[in-house]
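Q: Build me a structure from this.
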Amino acid sequence: MNEGKLDMPSTIKLGDAGDDVRRLQRVFARNKSLGPEDVDGVFGPRTEGAVKDFQQANGLVADGVVGPITWSHVHPYREASPTLQAGSLGPVVAMLQGVLKTGFGYAGEIDGIFGPTTENVVRQYQTNAGLPVTGVMDERTWMAPAGAAGATLESLSGLVI
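A: So this is what the prediction gives:
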């Protein structure tokens, strides 16, 4: 890798599994072609359908295979937002707390410390979103719908454009 940019992912297709499949699924989940529950790293029929729809919409050969030409049209193919849990520290925690304070019931300090108050609000958010209630900000929690116009906690926190 060079200067923070990801290397071009490998060619992937139906039946493949791994990080590149997960990267692709994240992009499609962010643009609502797939649901957060579909980000599992397994290139199955739903992922293939999303790929074919994307290829057709972008004037590409709609073969369901994601090679260099399809990847060049898929942006951004970046990593997941970070997993945050009790004890996590830093600016991303503070960004999350700021969003949770604006309508999700967080009444604590915006201090960048993922403590019990933050964990409890995350648990309530997960309950309301129909997600497994873990208190951990995982990929599915970041990408679950969080309001109007397709917003997610990930987008509201400024982690994706």
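Q: Next, the contact list for the nearest residue to Leu159 once chain neighbours are set aside, please.
A: In this structure, Leu159 finds its nearest non-sequential neighbour in Ser81, 4.7 Å apart by CB to CB, 6 or more residues apart in numbering. Every C-beta, even on glycine, is put in place using the N, C-alpha and C of the backbone. Counting by CB atoms under 8 Å, 6 or more residues apart in numbering, Ser81 makes contact with 92, 137, 139, 142, 154, 157, 159-160.
Q: ditto for Ala86
A: Per CB under 8 Å, 6+ apart, neighbours of Ala86: 114-116, 119, 135.
Q: that older thread, three-state assignment of the residue nearest to Leu159?
A: Secondary structure assignment for Ser81 (DSSP: H, G, I helix; E, B strand; the rest coil): coil.
Q: how much space between it and Asp111?
A: For Ser81, the distance to Asp111 (CB to CB, to the nearest Å) stands at 20 Å.
Q: ditto for Pro91
A: 11 Å.
Q: more neighbours, the two?
A: For Pro91 versus Asp111, neighbours defined as other CB atoms under 10 Å are more numerous around Asp111 (13 against 8).
Q: Name the helix or strand for the more buried one, please.
A: In this structure, Asp111 sits in neither a helix nor a strand according to DSSP states H and E.
Q: show me the contacts for it.
A: By CB under 8 Å, 6+ apart, the residues touching Asp111 are 94, 97.
Q: how close does it sit to Val93?
A: Look at Asp111 and Val93: by CB to CB, they are 8 Å apart.
Q: tell me which residues in the lowest-mean-pLDDT helix or strand in the chain are buried?
A: Ranked by mean pLDDT, DSSP states H and E, the weakest helix or strand in the chain is helix 153-156, scoring a mean of 82. Buried residues in helix 153-156, counted by 16 or more other CB atoms under 10 Å: 153-156.
Q: Which single one of the contacts of Ser81 is nearest to Leu60?
A: Of all the contacts of Ser81, Val160 has the smallest distance to Leu60: 23.5 Å, by CB to CB.
Q: Let me see the ranges of the helices in this structure.
A: Here the chain has its helices, by DSSP state H, at 19-30, 45-57, 68-73, 91-101, 116-129, 139-143, 153-156.
Q: Minimum distance to Val39: which of these has it?
A: The nearest among those, by CB to CB, is helix 19-30 at 4.4 Å.
Q: got the angle between that closest one and helix 45-57?
A: Counting by axes from the mean of the first three to the mean of the last three CA atoms, to 10 degrees, helix 19-30 points 70 degrees away from the direction of helix 45-57.
Q: Domains in this protein, by residue range?
A: For the chain, automatic domain parsing gives the domain ranges 19-73, 91-156.
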